[in-house]
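Chemist: how would this look folded up:
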Amino acid sequence: MGRKAQFFRAGVGAVVRNDRGEFLVFERAEQRGAWQLPQGGLRRGEEPEVAVLRELEEETGIRAHAVELLDTYPGWLAYELPAQWRSKRLGRGQVHRWFLFRLAASESAIDLHRASAGEFAEWRWIAPARVADATIEFRREVYRQLAARWGG
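Modeler: Sure, this is the predicted structure:
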């Protein structure tokens with residue numbers, strides 16, 4: 001691993017909440033049992049507010065008109081990848097701007113068949129207090145911070 005793998009890849013993340021206050025999580029297609037929130041990389045020159053809606057549709061099939069923006073996390077949140085997962089594309093880890101949305105449409109707006117990324121196999125609603133326990137270890141602290149801000 002050379003110098004290029006020492007950077008943190010910039011991206012965005014989306015917390016979609018229902019009217020009961022639960023968070024929408026997705027199970028990775030290639031890692032059954034691994035649940036996470038939608039997230040993805042920023043393209044060069046792309047604004048985070050635009051990127052998060054693009055990523056949300058690409059990964060979950062949820063279109064912009066189906067969500068209502070409620071809040072933006074006040075800073076960037078980062079996590080480090082385990083050494084064996086680092087690469088020239090992913091770098092040392094990821095740093096994200098996070099956005100909170102309310103699902104303003106019916107659950108039929110969640111359409112993994114329409115999602116072009118093919119990253120996720122299933123979805124479910126989960127209590128914010130449980131979201132960190134449902135994900136892989138290296139994402140847990142970020143998810144705890146999101147749940148602390150938006151879980152109440």
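Chemist: Report the contact partners of residue 139.
Modeler: 36, 79, 132 (Cβ atoms under 8 Å, 6 or more residues apart in numbering). Every residue, glycine included, has its C-beta placed from N, CA and C.
Chemist: looking at this, it is in a helix?
Modeler: Yes - judged by DSSP: H, G, I helix; E, B strand; the rest coil, residue 139 forms part of a helix.
Chemist: Contact partners for residue 31?
Modeler: Shown in contact with residue 31 (Cβ under 8 Å, 6+ apart): no residues.
Chemist: Could I get the pLDDT score of it?
Modeler: With respect to pLDDT, residue 31 scores 87.
Chemist: same deal with residue 80?
Modeler: pLDDT, residue 80: 88.
Chemist: got the phi/psi numbers for it?
Modeler: Per-residue torsions, residue 80: phi -100, psi 140 (degrees, to the nearest 10).
Chemist: That one pairs with what?
Modeler: Applying DSSP bridges to residue 80 gives these bridge partners: residue 93.
Chemist: burial of it, as a residue count?
Modeler: By other Cβ atoms under 10 Å, 13 other residues sit near residue 80.
Chemist: Now do the contacts for it.
Modeler: So residue 80 contacts 92-93, 138 (Cβ under 8 Å, 6+ apart).
Chemist: between these, which is closest to residue 23?
Modeler: Within the contacts of residue 80, proximity to residue 23 (Cβ to Cβ) peaks at residue 138, which comes in at 18.4 Å.
Chemist: surely that closest one meets residue 84?
Modeler: No - applying Cβ atoms under 8 Å, one finds residue 138 not in contact with residue 84, separated by 11.6 Å.
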